[in-house]
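**Q** Please work out how this folds:
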Amino acid sequence: MADNRNRTALLVIDMQKDFIHEDGLACLSGGRAIVPNVIKAVQVARQRGFLIVWVVREHDPQGRDVELFRRHFYASGKVGPAVKGSVAAELVDGLVIKEEDYKLVKTRFSAFFDTNLHSLLQGAGINNLVITGVQTPNCVRQTVYDALALDYPSVTVIADATAAATPDVQVANIFDMKNVGVATPTLQEWCESNA
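**A** Numbers count the residues shown, from 1 in each chain. Here you go, the predicted model:
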């Protein structure tokens, strides 16, 4: 079991003030409610000796590295979401990156797209992924599907430590991921398991 635990990483996706706080530029209505569960998942992962990867968006102030459909947020001197170095790009209160953790900056939905995540995980011998964060139909789901495409044998999404804009969207996306073999326990079920 210890060997399996050393082969597991917890990915915490986009738990930043701009996406979680009510006054955030890209606030997700269901995001604030999952903060306590994400904090607990991080605590349990630390106790189990998992690698914790903090996946965050940090964008150029002029929006030169964002998707085309988001560039209007940065036009004409506007301050767009998750600008590198801004308070809005910081993790929400209660979530802290520790020295032994890894911070991964992404500029697209998937944590794997145009990043070194796969190399990092391979180099660390990781083949089990546990995923938390926002938002389920975009960054969480795309990361999950890329992990499956890269043949990670065990991918888990903690259902109540992820969030979407509405409960219906959350349920539909969890259902879809479960149908392709992703484990989707609640936080309590995951904490009680040996995974």
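
**Q** tally of neighbours for D93?
**A** By other C-beta atoms under 10 Å, the residues close to D93 number 11. Heads up, the C-betas are built off the backbone N, CA and C, glycines and all.

**Q** secondary structure element for it?
**A** Using DSSP states H and E, D93 sits within no helix or strand.

**Q** and what of the one 10 residues further on?
**A** The secondary structure element spanning K103 is strand 102-106 (assigned by DSSP H and E).

**Q** and that strand, which residues are buried?
**A** Neighbour-count burial for strand 102-106, counted by 16 or more other C-beta atoms under 10 Å, picks out 102, 104-106.

**Q** how far away is the residue lying closest to W54 once chain neighbours are set aside from Q188?
**A** Spatial nearest neighbour of W54, chain neighbours left out: K103 (4.8 Å); criterion: C-beta to C-beta, 6 or more residues apart in numbering. Using C-beta to C-beta, to the nearest Å, K103 is found at 28 Å from Q188.

**Q** Just grab the bridge partners of T8 for me.
**A** Assessed by DSSP bridges, T8 has beta-bridge partners N128.

**Q** Just the CA atoms of the top helix by length along the chain, as PDB, please.
**A** As assigned by DSSP state H, the longest helix anywhere in the chain is helix 31-48. Only the C-alpha atoms of helix 31-48 are listed here, as PDB (Å, rounded to 0.1, in the frame of the first residue of the first chain):
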ATOM      1  CA  GLY A  31     -16.900  27.200  -6.200                       C
ATOM      2  CA  ARG A  32     -17.100  28.700  -2.700                       C
ATOM      3  CA  ALA A  33     -19.100  25.700  -1.300                       C
ATOM      4  CA  ILE A  34     -16.300  23.200  -2.100                       C
ATOM      5  CA  VAL A  35     -13.400  25.100  -0.500                       C
ATOM      6  CA  PRO A  36     -13.700  23.100   2.800                       C
ATOM      7  CA  ASN A  37     -13.700  19.800   1.000                       C
ATOM      8  CA  VAL A  38     -10.700  20.800  -1.100                       C
ATOM      9  CA  ILE A  39      -8.900  21.800   2.100                       C
ATOM     10  CA  LYS A  40      -9.700  18.400   3.700                       C
ATOM     11  CA  ALA A  41      -8.600  16.500   0.500                       C
ATOM     12  CA  VAL A  42      -5.300  18.300   0.700                       C
ATOM     13  CA  GLN A  43      -4.900  17.400   4.400                       C
ATOM     14  CA  VAL A  44      -5.600  13.800   3.700                       C
ATOM     15  CA  ALA A  45      -3.300  13.700   0.700                       C
ATOM     16  CA  ARG A  46      -0.500  15.100   2.800                       C
ATOM     17  CA  GLN A  47      -1.100  12.500   5.500                       C
ATOM     18  CA  ARG A  48      -1.000   9.800   2.900                       C
END
